[in-house]
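Colleague: All I have is the shape, not the residue letters:
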């Protein structure tokens, strides 16, 4: 059960932020200094090709006072320092499915240095800010699973079903 709850949260590294624990199935964090940041646990490696998107479902108390966007940075295999050359900014976006949280979807495949084996990811929740509370609902990799062929396949399948069965009620 190391991938859920308090145990999972305890594996992350915290920079200028402190954990307030898991409440309501979300990880609560409070800024303790400039640019509160969380870093994925050691030992979890992903292949950049198989993770073209990252998604962070999160919430922050209040509005961001500045114009600096949150961002992710990453370490590839063999790298030891995070850097702005491997940085991807993201917006706290709302979608029709968002509910209370932002759904920040990052198209990582667009960054030329999102390659190879990714060993660590650092998430800066509020660049330049020293105050704030945050809630992390989830953070995960994703594929783009939209398929432009779904509607034609449904129509063809419906036609084939009708031709086979002659089911007029269908």
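Modeller: Perfect, thanks for sending it. Please read these numbers as outputs of a predicted model, since none were measured by experiment.
Colleague: contacts and neighbour counts: CA atoms only from here.
Modeller: Will do.
Colleague: Quick one: end-to-end distance for stretch 6-24.
Modeller: Across stretch 6-24, the terminal residues are separated by 12 Å (Cα to Cα, to the nearest Å).
Colleague: can you pull the buried residues of that stretch?
Modeller: For stretch 6-24, a neighbour-count test (16 or more other Cα atoms under 10 Å) marks 9, 14, 15, 17, 18, 19, 21, 22 as buried.
Colleague: So the first one sits against residue 27, correct?
Modeller: Yes: judged on Cα atoms under 8 Å, residue 9 makes contact with residue 27 at a distance of 7.3 Å.
Colleague: Residue 159 should be in a helix, yeah?
Modeller: Yes: Residue 159 sits within a helix when classified using DSSP: H, G, I helix; E, B strand; the rest coil.
Colleague: separation between it and residue 150?
Modeller: Applying Cα to Cα to residue 159 and residue 150 gives a distance of 14 Å.
Colleague: Pick out whichever of the two has more residues nearby.
Modeller: Counted by other Cα atoms under 10 Å, residue 159 and residue 150 do not tie: residue 159 has more neighbours, with 13 against 9.
Colleague: Tell me how far the more buried one lies from residue 141.
Modeller: 37 Å.
Colleague: got it, and residue 118?
Modeller: Relative to residue 141, and taking Cα to Cα, residue 118 is found at 12 Å.
Colleague: Tell me which of the two has more neighbours.
Modeller: residue 118 (20 against 16).
Colleague: which SS class is that one?
Modeller: strand.
Colleague: what sits against the nearest residue to it once chain neighbours are set aside?
Modeller: Once flanking residues are discounted, residue 118 sits nearest to residue 76: 4.4 Å by Cα to Cα, 6 or more residues apart in numbering. Applying Cα atoms under 8 Å, 6 or more residues apart in numbering to residue 76 gives the contacts 115, 116, 117, 118, 119, 120.
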